[in-house]
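>>> structure for the following, please:
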Amino acid sequence: MEMEKLISRNSSMYSRYLIGKVRHYMNRARQKELRPFDISPRQATILFILNSLGRKSTLTELSKHSDRQINTLSQQITRMEKNGLVRKVRETPKSALISFELTEKGTEIYNKSVETSSVEQIMSVLTEEERQQLISLLKKIAAAAEM
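Below you'll find the predicted structure:
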């Protein structure tokens, strides 16, 4: 028996399976698209958040917006800093409070990376109304999973 037939007997399990499958395919398409810029989808997300906030951001803020743990983000940001995408900024010279901001290179890579279209192309199979319904349903599932 096919795996999908086995899983389809339990709609919750089958839904989870499909969400994982879609996530995998979309992530793979995004990785392929970002390869010329030498960044990962997670790094692209951090660039997006920093650009969207339009100011310096702390690890706590980045963690809140990316749903990633601070220690995971710290490692990612350190690699991005070494690659010249972000810079560390201390509020005052001896301050323990550290923020991060995009460098010129980071801004340039961000601007190029948002011009990509894999996600839009994949999502184009849905109408705007269907996408809004999907967003609503996924928010509901995410809220239940956070508990």
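
>>> please count neighbours and contacts with C-alpha atoms only from this point.
OK.

>>> for the spatially most central residue of the chain, give me the pLDDT.
For the chain, residue 45 is the residue whose C-alpha lies nearest the centre (Cα atoms, centre = their mean; 3.9 Å). In this model, residue 45 is scored at 91, pLDDT.

>>> for it, what are phi and psi?
phi -60, psi -40 (degrees, to the nearest 10).

>>> pull the number of nearby residues for the nearest residue to it once chain neighbours are set aside.
Excluding the flanking residues, the one nearest residue 45 by Cα to Cα, 6 or more residues apart in numbering is residue 66, at 7.5 Å. Residues near residue 66, counting by other Cα atoms under 10 Å, number 16.

>>> and residue 66, how far from residue 53?
As judged by Cα to Cα, to the nearest Å, residue 66 and residue 53 stand 12 Å apart.

>>> same question, residue 46
In terms of Cα to Cα, residue 46 sits 11 Å off from residue 53.

>>> now the longest helix along the chain - C-alpha only, CSV.
When the chain is parsed with DSSP state H, its longest helix is helix 11-34. Coordinates of the C-alpha atoms in helix 11-34 are reproduced here as CSV (Å, rounded to 0.1, in the frame of the first residue of the first chain):
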residue,chain,number,x,y,z
SER,A,11,-6.5,13.1,8.7
SER,A,12,-4.4,14.7,11.5
MET,A,13,-1.4,12.6,10.6
TYR,A,14,-1.9,13.1,6.9
SER,A,15,-2.2,16.9,7.4
ARG,A,16,1.1,16.9,9.3
TYR,A,17,2.7,14.8,6.6
LEU,A,18,1.5,17.2,3.9
ILE,A,19,2.6,20.3,5.8
GLY,A,20,6.1,18.8,6.2
LYS,A,21,6.2,17.8,2.5
VAL,A,22,5.3,21.3,1.3
ARG,A,23,7.8,22.9,3.7
HIS,A,24,10.5,20.6,2.4
TYR,A,25,9.8,21.4,-1.3
MET,A,26,9.4,25.2,-0.7
ASN,A,27,12.6,25.2,1.4
ARG,A,28,14.5,23.3,-1.3
ALA,A,29,13.2,25.7,-4.0
ARG,A,30,14.3,28.7,-1.9
GLN,A,31,17.7,27.2,-1.2
LYS,A,32,18.2,26.8,-5.0
GLU,A,33,17.2,30.4,-5.5
LEU,A,34,19.5,31.8,-2.8
